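Chemist: compute the structure for the input listed below.
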Amino acid sequence: MTDVDPAIKVQVDTEYLEEQSTPAEDKYVFSYTITIINLGDRTAKLETRHWIITDANGHITEVQGAGVVGETPTIPPNTAYQYTSGTVMDTPVGFMEGRYGMVWEDGKQFFAAIPTFRLAVPGVLH
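Modeler: Residues are numbered from 1 along each chain as shown. Prediction:
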C-alpha cells in the first residue's frame, strides 16, 4: 500500500482552546476538524491513521492506530465524513501532517494524504 489516491480529499480547520490551555506550564491545546471527501465513484473505508506532529522546538511525535475517534468510517461516493479531535503541544505553534490508510470497496488499499496544517495561538504569528 504505497499509492496516494487523489479521489480522497482531506480538509482541515483548527482552533486554539484557550480555556483548556495553561501557557505558564507550556500546555497548548488545539482542536482540529477533519473533513474527508470521497470524490471517487466507489465507497472507501478508513482503516488507519498516521500523524506526525512537530512543535516549534522541532520535537516530533508520531501517532499511529486504527481508525479515527474510535471509528473506521465508510465513505460513499460524493459524500464526506467529518470528525473533530485534538492535540496538546508544549509550544504555542506547531504543525501536523499525515495520512490515512484506506481501502476501496473492491479491496484495493491506498493512502489519503493529510496536508500539513499549522496549529498556532492567535496573535503569536504576524
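Chemist: quick check: the closest residue in space to Asn57 that isn't next to it in sequence vs Val10, distance?
Modeler: Closest residue in space to Asn57, ignoring its immediate chain neighbours: Thr91 at 5.8 Å, by Cβ to Cβ, 6 or more residues apart in numbering. All C-beta atoms are positioned from the backbone trio N, CA, C, and that covers glycine. Look at Thr91 and Val10: by Cβ to Cβ, to the nearest Å, they are 24 Å apart.
Chemist: and if you look at Ile34?
Modeler: Distance from Ile34 to Val10, by Cβ to Cβ: 6 Å.
Chemist: cool, Val69 as well?
Modeler: Between Val69 and Val10 the computed distance is 15 Å (Cβ to Cβ).
Chemist: Ile37 reaches Lys9, doesn't it?
Modeler: Yes. Using Cβ atoms under 8 Å, Ile37 is in contact with Lys9, at 4.4 Å.
Chemist: from the chain's centroid, how far away is stretch 42-53?
Modeler: On the basis of Cα atoms, centre = their mean, to the nearest Å, the separation between the geometric centre of stretch 42-53 and that of its chain is 9 Å.
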